[in-house]
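Student: Based on what follows, work out the 3D shape:
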Amino acid sequence: MEWTTGSMGPYEMTEIWKGLPYAASILFILASHEFGHYFASVYHGVKATLPYFIPFPPIPGFFNFGTMGAVIKTKSPIPDNKSMFDIGVAGPLAGFVACLIVLIYGYTHLPPVDYILSIHPDYFSPDYGKGAVNLEFGSTLLFELLQTIFTKPGDFIPPMSEIYHYPYLCVGWFGLFVTAMNLIPVGQLDGGHIIYSMFGSKIHEAVASISMSLLVIFGVLGVVDSALALNLNSGWSGWLFWAMILYFIIKVKHPPVPYFTKLGKGRMILGYIAILIFILSFSPTPFIINF
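Tutor: Numbers count the residues shown, from 1 in each chain. Down below sits the predicted model:
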């Protein structure tokens, strides 16, 4: 509501519909991702719960998307790497398709420039934004590609510092961000399942170690940039926090499965598609905050 209207509230019940594009789009993407895992688990006879959605109520002055994501929990062992691969890859692929749907709709239904002016009447003023905290989302290769393909001359394309006012673009970006986080090839993240199932433990450990090192580098760059107010817009401190969660909770190595066999050509192709999705969706600097 706040992002759509530009108002901090309080809101009337009759205004709830203004927040529905955000809420419905986020639930659609998260549900697609988790039900991808769920149906793959059912297919392979692995017991799993239905998705749990984790809400995060908006807090004044604290930036968040209103959710901490969704999860399912497997309740029986995964017997082999083929099952592990299918369960791991199904979520990101389904979520990615949902992101594409939301983003394509957002780019093909961009509102006129009057929309941003209704929120920020002084948007084109030379003094707009001066003296305020500026939040900008870091773009990705896929985000830029879809913008190029699905917008037309004459469209007002909001900059990355304003897309949070555009529900479908904002949620589509957020979906790519979540997909990329899950596809990081570490431990028991979806990306870890995929790389382990495709190449085995030794290659997975090497890839996971490199990935962890890069996360730490991006995280340290973000901390230094923020602490020294360099405004270089390089890295993000959140990657350092995420690396700590991976190292201490999710773990870097992937646990072995009872039976490991070589994947067929079809699964290997899907695996390489998942790797490509990660590359296209990942941003080393997803959030840029300038003062």
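
Student: What segments of the stretch 1-150 of the chain are strands?
Tutor: Assigned by DSSP state E, counting those that start in this stretch, the stretch 1-150 of the chain shows strands spanning 52-55, 67-71, 134-137.

Student: Just the mean pLDDT for the second one, thanks.
Tutor: Summarised as a single mean, pLDDT over strand 67-71 is 87.

Student: could we number from 184 for the rest of this?
Tutor: Renumbered: residue one is now 184, and that last one reads strand 250-254.

Student: Packing partners of that strand?
Tutor: Where contact means 3 or more C-beta pairs under 8 Å, 6 or more residues apart in numbering; DSSP states H and E, strand 250-254 is packed against helix 203-226, strand 235-238. For every residue, glycine as well, the C-beta is placed using N, CA and C.

Student: Show me what it is in contact with.
Tutor: Residues from elsewhere that reach strand 250-254 (C-beta atoms under 8 Å, 6 or more residues apart in numbering): 209, 213, 214, 216, 217, 234, 235, 236, 237, 238, 239, 361.

Student: Repeat the analysis, applying 10 Å as the threshold.
Tutor: The contact list for strand 250-254 (C-beta atoms under 10 Å, 6 or more residues apart in numbering) reads 205-206, 209-210, 212-214, 216-218, 220, 232-240, 274, 357, 361, 364-365.

Student: Can you list the strands that that strand pairs with?
Tutor: strand 235-238 (antiparallel) (DSSP bridges).

Student: What about the nearest residue to residue 260 once chain neighbours are set aside, how many residues nearby?
Tutor: Setting aside the residues directly before and after it, residue 260 is nearest to residue 441 in space (C-beta to C-beta, 6 or more residues apart in numbering), at 7.2 Å. For residue 441, the count of nearby residues is 9 (other C-beta atoms under 10 Å).

Student: ok so residue 376 is a strand residue?
Tutor: No - counting by DSSP: H, G, I helix; E, B strand; the rest coil, one finds residue 376 to be helix, located in no strand.

Student: can you pull the contacts of the closest residue to it other than its chain neighbours?
Tutor: Nearest residue to residue 376 in three dimensions, chain neighbours excluded: residue 271, at 2.9 Å (C-beta to C-beta, 6+ apart). Neighbouring residues of residue 271 by C-beta under 10 Å, 6+ apart: 219-220, 223, 261, 264, 365-366, 371-381, 454, 457.

Student: Distance of the residue nearest to residue 260 relative to residue 364?
Tutor: 28 Å (C-beta to C-beta, to the nearest Å).

Student: Over to residue 407?
Tutor: For residue 407, the distance to residue 364 - C-beta to C-beta - is 22 Å.

Student: what does residue 352 give?
Tutor: Plainly put, residue 352 is 19 Å away from residue 364 if you go by C-beta to C-beta.

Student: Who has more neighbours out of the two?
Tutor: Per other C-beta under 10 Å, whichever of residue 352 and residue 364 has more neighbours is residue 352, with 26 against 19.

Student: The more buried one contacts residue 345, doesn't it?
Tutor: Yes - contact status for residue 352 versus residue 345: in contact at 9.4 Å, counting by C-beta atoms under 10 Å.

Student: Can you work out which residues contact both of these two?
Tutor: Residues touching both residue 352 and residue 345 (C-beta under 10 Å, 6+ apart): residue 320.

Student: circling back: just the buried ones out of the contacts of strand 250-254, please.
Tutor: 205, 209, 212-214, 216-218, 220, 234, 274, 357, 361, 364-365 (16 or more other C-beta atoms under 10 Å).

Student: who touches the closest residue to residue 369 other than its chain neighbours in this structure?
Tutor: Leaving aside its chain neighbours, residue 369 sits nearest to residue 391 (4.6 Å; criterion: C-beta to C-beta, 6+ apart). The contact partners of residue 391, taken as C-beta under 10 Å, 6+ apart, are 367-370, 372, 374-375, 378-379, 384, 429, 434-437.

Student: tell me the secondary structure for residue 391?
Tutor: Under three-state DSSP, residue 391 falls in the helix class.
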